[in-house]
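Peer 1: Okay, here's the prediction I keep looking at, along with the sequence it came from:
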Amino acid sequence: MKTDLKREIAAYSARRGIFDVVELPLLRYLMIDGHGDPNEQAYADAVSTLFPVAYKLKFMSRKELDRDYVVMPLEALWWSDDMTTFTSDRDKSRWDWTAMILVPDWTPADHLERALAAASGAPALDRLRLETLDEGRCVQTLHLGPFDEEGPVLARLHDEVIPSRGLRMTGRHHEIYLSDIRRTDPAKLRTILRQPVTDAVGDA
């Protein structure tokens with residue numbers, strides 16, 4: 001039986017037009033940091049590195065640990081000194097990002113070392129790391145459509161939904177790409193938009 005972490009972690013399901021509060025456990029990711037427009041080469045290099053390593057880890061887990069699983073979708077953290085670059089301005093040149101793929105918590109350190117060695121031709125191996133992410137409480141929703149149409153949804157999330165619930169933003173904006181961009185009509189792309197939050201009580 002293959003393990004599908006998307007089914008085991010409730011927060012990998014979201015609803016369009018509904019803003020759910022979810023609690024995330026500690027999760028381990030392959031991560032690569034970068035800056036700038038995701039349509040440029042640095043982001044493409046990150047994606048072209050993450051997936052080969054993720055698949056090598058999967059194959060080693062299946063063969064050596066007898067634990068098979070579905071490779072998780074691409075995700076990314078996004079941030080900027082001015083968050084309007086994601087909503088009203090959409091100035092991608094000012095974006096910072098971390099491209100990442102979730103890996104099972106049973107993945108041993110030596111598997112990562114061997115996977116990196118086996119993927120020696122990947123373009124961004126020198127920037128790849130394995131890190132645990134602690135997001136805790138988040139508000140999230142499902143966006144259906146092109147990435148460039150996320151702005152109004154994010155503006156509503158940041159400026160209306162989160163404050164109306166007595167919360168404030170804490171961590172970095174998080175996106176989970178449930179669709180294969182190579183094969184999916186942009187109008188049908190499914191993306192979870194997630195924002196870590198905390199209580200606003202006590203803020204000035």
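Peer 2: Okay, I see it. Residues are numbered from 1 along each chain as shown.

Peer 1: Show the pLDDT at the spatially most central residue of the chain.
Peer 2: The residue lying closest to the centre of the chain (Cα atoms, centre = their mean) is Glu75, at 2.5 Å. As predicted, Glu75 sits at a pLDDT of 98.

Peer 1: same check, this time on Asp82
Peer 2: 86.

Peer 1: What is the burial count for it?
Peer 2: Number of residues near Asp82 (other Cβ atoms under 10 Å) recorded here: 10. (Glycine included, C-beta is placed from N, CA and C.)

Peer 1: you'd agree it is up against Arg90?
Peer 2: No. At 11.7 Å, Asp82 does not count as touching Arg90 under the criterion of Cβ atoms under 8 Å.

Peer 1: Ignoring the adjacent residues along the chain, who's closest to Val161?
Peer 2: Distances taken as Cβ to Cβ, 6 or more residues apart in numbering place Phe19 nearest to Val161, at 4.7 Å, with adjacent residues excluded.

Peer 1: Equivalent analysis for Ser61, please.
Peer 2: Arg67 (5.0 Å).

Peer 1: remind me, longest helix of this protein?
Peer 2: Selection of the longest helix in the chain by residue count, based on DSSP state H, yields helix 41-64.

Peer 1: Quickly run through the sheet partners of the helix or strand encompassing Thr198, with directions.
Peer 2: Thr198 is located in strand 190-199, with elements delineated by DSSP states H and E. Here strand 190-199 is paired, per DSSP bridges, with strand 137-144 (antiparallel), strand 167-169 (antiparallel), strand 173-177 (antiparallel).

Peer 1: now the helices: where do they sit in this structure?
Peer 2: Counting by DSSP H, one finds helices in the chain at the ranges 5-8, 41-64, 109-118, 151-156, 162-164.

Peer 1: for the record, mean pLDDT for the longest one?
Peer 2: Per-region confidence: helix 41-64 scores 98 on mean pLDDT.

Peer 1: quick one: that helix to strand 173-177, angle?
Peer 2: Relative orientation of helix 41-64 versus strand 173-177 (axes from the mean of the first three to the mean of the last three Cα atoms, to 10 degrees): 60 degrees.

Peer 1: elements contacting helix 41-64?
Peer 2: Judged by 3 or more Cβ pairs under 8 Å, 6 or more residues apart in numbering; DSSP states H and E, the packing partners of helix 41-64 are strand 27-35, strand 96-103, helix 109-118, strand 128-133.

Peer 1: Dump the helices of the chain to TSV, plus distance to Trp95 and mean neighbour count.
Peer 2: As requested, the helices of the chain are arranged in TSV below (distance: least, Cβ to Cβ, whole Å; neighbours: other Cβ atoms under 10 Å):
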stretch	distance to Trp95	mean neighbour count
helix 5-8	26	13
helix 41-64	10	18
helix 109-118	27	15
helix 151-156	13	17
helix 162-164	20	13
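
Peer 1: Can you lay out those as a markdown table showing distance to Arg137?
Peer 2: Shown next, in a markdown table, are the helices of the chain (distance: least, Cβ to Cβ, whole Å):
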| stretch | distance to Arg137 |
| --- | --- |
| helix 5-8 | 19 |
| helix 41-64 | 26 |
| helix 109-118 | 29 |
| helix 151-156 | 18 |
| helix 162-164 | 11 |
